[in-house]
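**Student:** Can you look at this prediction? I've put the sequence above it.
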Amino acid sequence: MVRREADVIPLHPVSRAIRPDVEATVRLILNGLDDMKAEEIVEIDLRGKSAIADVMIIATGRVARHVAAISDRIAKDLKENGHGNPRIEGVPVCDWVLIDTGDVIVHVFRPEVRAFYNLEKMWSSGRPNELLPS
């Protein structure tokens with residue numbers, strides 16, 4: 001299940017279309033998260049809000065071992081698909097692992113840690129739209 005943030009009107013005119021290479025990276029990451037049974041997957045569009053990335057993806061692993069397995073899979077998929085070595089923080093503890101590809105940032109949390117930091121509230125404007133699996 002993926003939730004996408006509702007479109008907002010930016011303060012400065014920006015292109016709302018995600019570049020094809022970024023969209024491909026997002027699809028690759030979302031597929032890996034789905035394959036690894038990550039939970040509560042949320043995609044947040046950061047364009048016009050922050051220069052740190054174009055897209056932020058947040059997901060939950062059931063326990064630290066699941067968070068580690070999800071993160072390893074995403075990093076492996078990114079490397080195998082020509083994204084070099086993404087920057088990874090939070091290993092070996094695996095309460096919260098951050099994977100930074102430059103254009104896309106992925107946060108993988110244990111449930112309690114995700115609830116504590118509540119990044120969706122911090123970065124979303126309005127209510128994210130939830131995309132249900134077909």
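**Tutor:** Now that the structure is in, tell me what you want to look at. Numbers count the residues shown, from 1 in each chain.
**Student:** For the protein, which residues score under the pLDDT cut-off?
**Tutor:** 1-20, 125-134 (pLDDT under 70).
**Student:** any idea which residue sits dead centre in it?
**Tutor:** Ile57 (1.4 Å; Cα atoms, centre = their mean).
**Student:** Quick check: which element contains that residue?
**Tutor:** strand 55-60 (DSSP states H and E).
**Student:** Strand 55-60 and the next helix-or-strand element following that strand, what's the angle between them?
**Tutor:** Downstream of strand 55-60, the next assigned helix or strand under DSSP H and E is helix 64-80. Taking axes from the mean of the first three to the mean of the last three Cα atoms, to 10 degrees, one finds helix 64-80 and strand 55-60 inclined to each other by 150 degrees.
**Student:** contacting residues around helix 64-80?
**Tutor:** Residues outside helix 64-80 that contact it (Cβ atoms under 8 Å, 6 or more residues apart in numbering) are 25, 28-29, 31-33, 35-38, 59, 61, 84-86, 88, 90-97, 99, 101, 106, 108-110. Glycine gets a C-beta too; all of them are placed from N, C-alpha and C.
**Student:** Of those residues, grab the buried ones for ChimeraX.
**Tutor:** To isolate the buried ones among the contacts of helix 64-80 in ChimeraX, judged by 16 or more other Cβ atoms under 10 Å, type:
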select :25,28,29,32,33,36,38,59,61,86,88,90,94,96,97,99,101,106,108,109,110
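**Student:** which parts of stretch 40-48 are buried?
**Tutor:** Buried-residue list, stretch 40-48, by 16+ other Cβ under 10 Å: Ile41, Val42, Glu43, Ile44, Asp45, Leu46, Arg47, Gly48.
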